[in-house]
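> what's the 3D shape of this:
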Amino acid sequence: MRVVIVGQQAFGKAVLDAFAGRGDQVVAVFSPPEQPGGKTDPLRAAAVEQKIPVYQFKDYGSAEALDTLRNLNADIGLLAFVTQFLPQAFVNLPKHGMLLFHPSLLPLHRGPSAISWAVINGEKRTGLTILRPSDGLDEGAIILQREVEIGPDDTVGTLYFDKIFHMGVAAMIEAAQAVADGQAHEHPQDESLATYEGWVRERESQVNWASSIDRIYDLIRGCDPSPGAWTKYRGQKLWLFDARKRPAATFGAVRGLKAGQIVASTPEGFSIYAQGGFVEIKRCRLGEGKKVAAGEAGIEAGVILGE
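Model prediction:
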């Protein structure tokens, strides 16, 4: 197949390597314009190394972008981690159109932080969807889906890199081949089941220590590695990573403890009381500092977080 890839970062590179590795002709890569002085995007770097033309348009609806894609005579387009808007005039140009990867079981969790919200909400499963891109956000027809379990200690990082990432690359190949062979079975999404959530940012990632231990633990996992769930420690923001949930009996009697109170601080990390148990933190970031092992951050026992 003559393939074009639109995307960025490690996932885009992995899709490029997978299709090139199986003998498809990747005729071009489209990636976002880079910021001056910023790091070279992995997908763009891989394309340059393999002497594949790279195009970076701010507006995919422009005549230049449309003419560029039209002249490539592509069989199919693959959208691998796309953050720019792509109009239908662009995505419909390849012979078999384009396919979009999304890391949730659509129509659940449309939007940019799909994995995060599945974990934050305490769900037990998630997955990925390969769909047709449309003008609506993550609303196109579904081609295939794959499900993964959310383990009790999974974070966004472990779910994505250990499970969804590699499964997503394989699913892109499977879906593209099925579409090219005329064997794909596309079906519309059930709008009655649709949910949408925006980015998880600082407003959404602040810890409320009055919540239960399960809700707090799910929030920390759902913000790890980014943006980090946070609280206040002696007037500074404290971001929490690499957490473990411990039962209420871990430190003996809890009478007199306040929610958010640091009950222990050791070289291995620090532990915080919450309703129903304790959260043990192994890595953190305090103020404008770097992310470090929690035992190196100088966090003192007895302090009540969030005050």
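> flag every buried residue along the longest helix anywhere in the chain.
Ranked by residue count, the top helix of the chain under DSSP state H comes out as helix 165-180. Taking 16 or more other CB atoms under 10 Å as the neighbour-count basis, helix 165-180 is seen to contain the buried residues 167-169, 171-173, 175-176, 178-180. Glycine gets a C-beta too; all of them are placed from N, C-alpha and C.
> over to stretch 271-286?
271-274, 276-281, 283-286.
> which of the residues you listed lies closest to E64?
Using CB to CB, the shortest approach to E64 within the buried residues of stretch 271-286 belongs to R285, at 42.4 Å.
> so F251 is in contact with Q261, correct?
No: under the criterion of CB atoms under 8 Å, F251 lies out of contact with Q261, with a separation of 10.6 Å.
> name the residues contacting each of these two.
Between them, F251 and Q261 share the neighbouring residues Y273, with contact defined by CB atoms under 8 Å, 6 or more residues apart in numbering.
> so for the two, which residue has more residues nearby?
For F251 versus Q261, neighbours defined as other CB atoms under 10 Å are more numerous around Q261 (21 against 15).
> doesn't V303 make contact with that one?
Yes: with the criterion set as CB under 8 Å, Q261 and V303 qualify as a contacting pair; they are 7.4 Å apart.
> phi first, then psi, for the residue nearest to P112 when sequence neighbours are not counted.
Once flanking residues are discounted, P112 sits nearest to W199: 5.3 Å by CB to CB, 6 or more residues apart in numbering. According to degrees, to the nearest 10, the main-chain angles of W199 amount to phi -60, psi 150.
> check V156 too.
The phi/psi pair for V156 (degrees, to the nearest 10) reads phi -60, psi -40.
> could you report the neighbour count for H109?
For H109, the neighbour count with other CB under 10 Å is 25.
> buried ones in whichever helix or strand comes after the longest helix of the chain?
Later in the chain than helix 165-180, the nearest helix or strand by DSSP states H and E is helix 202-205. Of all the residues in helix 202-205, those buried under the rule 16+ other CB under 10 Å are 204-205.
> packing partners for helix 202-205?
Using 3 or more CB pairs under 8 Å, 6 or more residues apart in numbering; DSSP states H and E as the contact test, the elements touching helix 202-205 are strand 229-233.
> could you pull out the strands for this protein?
With strands called from DSSP state E, the chain shows them at 2-7, 25-30, 54-55, 76-80, 98-102, 125-131, 142-149, 229-233, 236-247, 262-266, 269-274, 277-286, 292-293.
> tell me what angle the fourth one forms with strand 98-102.
In terms of direction (axes from the mean of the first three to the mean of the last three CA atoms, to 10 degrees), strand 76-80 departs from strand 98-102 by 20 degrees.
> and for the first one?
Taking the same axes, to 10 degrees, one finds that strand 2-7 is oriented at 40 degrees with respect to strand 98-102.
> strand 2-7 pairs with which strands?
Sheet pairing of strand 2-7 (DSSP bridges) gives strand 25-30 (parallel), strand 76-80 (parallel).
> looking at those, which is buried most?
Each of these was scored by mean neighbour count; the highest is strand 76-80, a mean of 26, by mean count of other CB atoms under 10 Å.
> how about low-confidence regions in the stretch 151-300 of the chain?
Residues of the stretch 151-300 of the chain meeting the criterion pLDDT under 70: 253.
> circling back: got the contact list for the residue nearest to P112?
Taking CB under 8 Å, 6+ apart as the test, what W199 contacts is 111-113.
> from those residues, list just the buried residues.
Buried residues within the contacts of W199, defined by neighbour count using 16+ other CB under 10 Å: 111, 113.
> can you put the contacts of W199 in CSV and add pLDDT and distance to L66?
As requested, those are arranged in CSV below (pLDDT from 0 to 100; distance: CB to CB, whole Å):
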residue, pLDDT, distance to L66
G111, 96, 27
P112, 95, 26
S113, 97, 31
